[in-house]
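Novice: just coords:
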């Protein structure tokens, strides 16, 4: 499974095809999760919350115990090309 924030260059330049519309799809059933970030130098850990309607808008960061990062997707922003490579690696 992949949970990531990534750029949309593949959609913008047309290399990622839009496959269609799903009737009855409910956006509220897919909330944006909290992400986790660990500062390697200091060892501080943060729970990072982004706006559910705008994933580019940081709502807040909360310092947490590093053990709380377990199971959280890693905070960051991947480029479209990086996401393509990751997804290629996940395919059978």
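Specialist: Arrived safely. Model, not experiment: these values are computed from the prediction. Numbering: from 1, shown residues only.
Novice: average pLDDT across stretch 69-83?
Specialist: For stretch 69-83, mean pLDDT is 95.
Novice: show me the contacts for residue 12.
Specialist: Neighbouring residues of residue 12 by C-beta atoms under 8 Å, 6 or more residues apart in numbering: there are none. C-beta: built from backbone N, CA, C; applies to glycine.
Novice: mind checking pLDDT for it?
Specialist: What the model reports as pLDDT for residue 12 is 94.
Novice: residues near residue 75, how many?
Specialist: For residue 75, the count of nearby residues is 19 (other C-beta atoms under 10 Å).
Novice: residue 48 is in contact with that one, correct?
Specialist: Yes: taking C-beta atoms under 8 Å as the definition, residue 75 is a contact partner of residue 48 at 4.6 Å.
Novice: can you list residues touching both of the two?
Specialist: When contacts are counted by C-beta under 8 Å, 6+ apart, the set common to residue 75 and residue 48 consists of 35, 36, 37.
Novice: doesn't the second one belong to a helix?
Specialist: No: according to DSSP: H, G, I helix; E, B strand; the rest coil, residue 36 belongs to no helix; its state is strand.
Novice: fine, thanks again, bye for now.
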